[in-house]
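K.L.:
no sequence on this one, just coordinates:
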């Protein structure tokens, strides 16, 4: 069985500051890992995915995440926060190559302070 | 815009009733998954349909059932509604067998009173 844990249900950063959202995973086999973003009253949008290629994954909107097997982590970062980054962020894991049957974390709400 | 639509947007039902939620996938996508997202939680996998057959199920009772149609539409049916069924229901479609992502719809907000 696989699972993900997102540390911090709420994170606030100032506009222009570094964004760091934490995700740790548990999996009996090499996992496929994802970050999704959810804006109010919308569905989920894929930010980036790790599929055992490069450990540093670049996504949309300037986000990136680094897969660290030794730490079982897949933290999401962005060098400079923008007001439009305010949203809910979900880390997810799958055992399937086609990212189906996802197991999500409980989410982190990101607030940007002007 | 993901090309995945869901209807209705909002729905209010009473305990014990039955409900049908609908999803229209991207054209050509042969796989649809349904997720339940309770307030303040991450989405939970309900089940997946591939070429009109159930292809995996999460920890949900049999009163949650689904259908997938050849025209890329699908349904989630819930019988004997309970208060805890109140949630946002998301569908996601993809073309299985390709290295591609799932595309999520905006969801249906179900409230059970």
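P.N.:
That came in fine, so what should we check first? In this text, all values refer to a predicted model and were calculated from it rather than measured experimentally.

K.L.:
do a quick rundown of the strands in chain B.
P.N.:
Ranges of strands in chain B, per DSSP state E, are B:5-7, B:10-13, B:19-24, B:31-37, B:44-50, B:53-57, B:64-68, B:73-78, B:87-94, B:103-104, B:108-112.

K.L.:
what about these, which gets the closest to residue A:66?
P.N.:
Counting by CB to CB, residue A:66 lies closest to strand B:103-104 out of the strands of chain B; the figure is 24.8 Å. All C-beta atoms are positioned from the backbone trio N, CA, C, and that covers glycine.

K.L.:
for that closest one, which strands pair with it and how are they oriented?
P.N.:
Here strand B:103-104 is paired, per DSSP bridges, with strand B:87-94 (antiparallel).

K.L.:
ok, the nearest residue to residue B:96 once chain neighbours are set aside - contacts?
P.N.:
Leaving aside its chain neighbours, residue B:96 sits nearest to residue B:31 (4.2 Å; criterion: CB to CB, 6 or more residues apart in numbering or on different chains). For residue B:31, the contact set (CB atoms under 8 Å, 6 or more residues apart in numbering or on different chains) comprises A:100, B:48-50, B:55, B:93-96.

K.L.:
do the same with residue A:61
P.N.:
Residue A:61 neighbours (CB under 8 Å, 6+ apart): A:37, A:47, A:78, A:84-85.

K.L.:
can you pick the most crowded of those?
P.N.:
Neighbour counts for the contacts of residue A:61, by other CB atoms under 10 Å in any protein chain shown, peak at residue A:47, which reaches 23 neighbours.
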